[in-house]
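# Next comes the sequence, and after it the predicted model I'd like to discuss.
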Amino acid sequence: MSHPTRRRPRTSSRGPSRPAPRPAAKAPSALELAFAAAEAAAPPPHRTFAAMGLPQGLVTALERRDIREPFAIQSRTLPDALAGRDVLGRAQTGSGKTLAFGLPMLARLIGTRRTNGAPQGLVLVPTRELANQVAEALAPLGQAVGLRIATVYGGASMSRQITALRRGVDIVIATPGRLLDLIGQGECSLQLVTITVVDEADYMADLGFLPVVTEILGQTALGGQRLLFSATLDNGVDRLVHRFLTDPATHAVAPAISQVANMDHRAFTVQAGDKVSVATQIAARDGRSLFFVRTKHGAERLAKQLRTAGVDAGALHGNLAQNARQRTLNAFAAGTSPVLVATDVAARGIHVDDIDLVVHFDPPADHKDYLHRSGRTARAGASGLVLSLLLPEQQRDAARLHGQAGVTPTAVFVRPGHDEVRKLADSGTPVVITAPPLPTSASTSSERPRNSSRQGGYPRNNSRQPGYSRGRPQRSSSGRPAPARSA
């Protein structure tokens, strides 16, 4: 009986094999070290806005809005920014960074001559919601010192935006794709832009906008001042800093993970068939609650399920027209609809105070998304509750993600009616219903044109139009694909 020939294992003359060495940990870059040093630096001596050199017209306008003391990021960045230096900043949402970059821009442009179609200040933001928010913060201050501000983002009537640009604006707050379209049509020139802000640069990178941002920054005036704010330096943000910022003053306060101390993190493990029932019982609690889901259809489905159960809930995602998105946000902010179900991208522009519960109905993609989502609660020193709803098979991945985020949630297996579910459902403070917020004034004229006898103005509905990100990448007038990400 013959036997098959057995192959002997190969041996190496170089001796027994050894496991491949692990790659060495990546050394922190000079910029990362600068951020770390900035976070560790002692806070600057307390100074008022006036003592930091802010023009009196802006100081008075701030006082009229009951803003009298600078926030930490403003105390750190304003002296350098007002002196004309480039600034690299890191600060969490709700920290006051809009005024940290907006006040120096307004101060620099007071008294300058306006040129139609050629703004002198530019703020680049990743989403239409953030564009409107920045405009709402800066437009009243600009009006007080004779500066006109316009918002530019995709999906809106381009003709109305062109009309606003032709009448002349001092500052444009824009998403990258629509701005590049208007530049390609010859309706906007950046040659006179002397101060540029890139806000949430890391999120811009996540959405794939950095090539467009690079192209836009390359069209601004040589030697102009640049202010860049970013939570991280990942995905090419560091290259953007190296290319466009000259000897930047680096400032950082309160990284996102530091908010964790003010949050109560919990995790409920549920069977798939019980998940919606548990979510419904929790959503019916007193207080303003924000539920995160992965997809647009998931947002609509969960919001409908909650409404069917008697919970007043709205859905926020990229398929909604801007007027519907604004109505949903207004109802959530006013408290008439205290529960909001949102996708990650759509929720990036949500800055509503007094959200005391964030629910990860669907798990986030990574620990950074967990922190960004969770950061919608526990703002400005307040406390907040963060809950993860997990299926049994998601527990291991969730434990790893929570560890990377630096949190250790209290974990328990629950079913509808469980004691822990009832305790959570009975918690919360009733929402005080307020008047819905007025539409942003950024799209209305701040003053009469300085070089014209005709009354200037912006399109009344410009601020309520859809944003740039609408699913498939759009194309600019030059035929280049403009990156987009749907929510």
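That came through fine. Just so it is clear, the structure is predicted and the values come from calculations on it, not from any experiment. Numbers count the residues shown, from 1 in each chain.
# wouldn't I110 be in contact with V145 here?
Yes: between I110 and V145 there is a contact at 5.0 Å, judged by C-beta atoms under 8 Å. Every C-beta, even on glycine, is put in place using the N, C-alpha and C of the backbone.
# list residues touching both of those two?
Shared contacts of I110 and V145 (C-beta atoms under 8 Å, 6 or more residues apart in numbering): 55, 57-58.
# can you pick the most crowded of those residues?
Neighbour tally across these (other C-beta atoms under 10 Å): the maximum, 22 neighbours, falls on L58.
# and that residue, how far is that from A139?
According to C-beta to C-beta, to the nearest Å, L58 and A139 sit 13 Å apart.
# can you check Q191 too?
Separation of Q191 from A139 (C-beta to C-beta): 24 Å.
# taking the mean pLDDT, what do you get for the helix or strand where A137 lies?
Taking DSSP states H and E as the criterion, A137 maps to helix 128-144. For helix 128-144, mean pLDDT rounds to 92.
# and the following helix or strand past it, what's its mean pLDDT?
Using DSSP H and E, the helix or strand that directly follows helix 128-144 along the chain is strand 149-152. Strand 149-152 shows a mean pLDDT of 95.
# which residues of the stretch 151-300 of the chain score low on pLDDT?
254-262 (pLDDT under 70).
# Between Q191 and A139, which is the more surrounded one?
More crowded of Q191 and A139, by other C-beta under 10 Å: A139, with 26 against 11.
# you'd agree that one is up against I149?
Yes: with contact defined as C-beta under 8 Å, A139 reaches I149; the gap is 4.9 Å.
# Next, the distance between the ends of stretch 143-160.
Terminal residues of stretch 143-160 are spaced 20 Å apart (C-alpha to C-alpha, to the nearest Å).
# ok, and for that stretch, which residues are buried?
For stretch 143-160, the neighbour count (16 or more other C-beta atoms under 10 Å) marks 143-156, 158, 160 as buried.
# do stretch 362-380 as well
362-364, 367-379.
# what do you get for stretch 416-435?
416, 418, 421, 424-425, 428, 431.
# would a markdown table of those residues with pLDDT, secondary structure and distance to N323 be doable?
Listed next are those as a markdown table, based on pLDDT from 0 to 100; DSSP: H, G, I helix; E, B strand; the rest coil; distance: C-beta to C-beta, whole Å:
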| residue | pLDDT | secondary structure | distance to N323 |
| --- | --- | --- | --- |
| P416 | 94 | coil | 37 |
| H418 | 95 | coil | 40 |
| V421 | 95 | helix | 36 |
| L424 | 93 | helix | 34 |
| A425 | 92 | helix | 33 |
| G428 | 80 | coil | 30 |
| V431 | 79 | coil | 23 |
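# Farthest pair within the residues you listed?
Across these, the longest distance by C-beta to C-beta is 25.0 Å; it joins H418 and V431.
# ok, R396 to F268 distance?
With distances taken as C-beta to C-beta, R396 is found 16 Å from F268.
# So if I had to pick from the two, which one is more boxed in?
Between R396 and F268, F268 has the larger neighbour count (other C-beta under 10 Å), namely 25 against 10.
# Contact partners for that one?
By C-beta under 8 Å, 6+ apart, the neighbours of F268 are 278, 387-390, 411-414, 420-421.
# Restricted to helices, list the residues you listed.
278, 420-421 (DSSP state H).
# for the closest residue to E300 other than its chain neighbours, helix, strand, or coil?
Excluding the flanking residues, the one nearest E300 by C-beta to C-beta, 6 or more residues apart in numbering is A315, at 5.0 Å. Three-state call for A315 (DSSP: H, G, I helix; E, B strand; the rest coil): strand.
# A315 and R307 touch, don't they?
No: with contact defined as C-beta under 8 Å, A315 does not reach R307; the gap is 9.5 Å.
# okay, the two: which has more neighbours?
A315 (28 against 15).
# In terms of pLDDT, where does the more buried one sit?
A315 is assigned 94 on the pLDDT scale.
# who are the neighbours in contact with it?
Contacts of A315 (C-beta under 8 Å, 6+ apart): 299-300, 302-304, 328, 340-342.
# Bridged to it, which residues?
Beta-bridge pairing of A315 under DSSP bridges involves V341.
# and it, how far is that from A131?
The spacing between A315 and A131, counted by C-beta to C-beta, is 21 Å.
# before we move on, what about A156?
Here the criterion is C-beta to C-beta. By it, A156 lies 10 Å from A131.
# what do you get for L62?
22 Å.
# so who does I433 touch?
Residues near I433 by C-beta under 8 Å, 6+ apart: 334-336.
# Which single one of these is nearest to H402?
G335 (30.7 Å).
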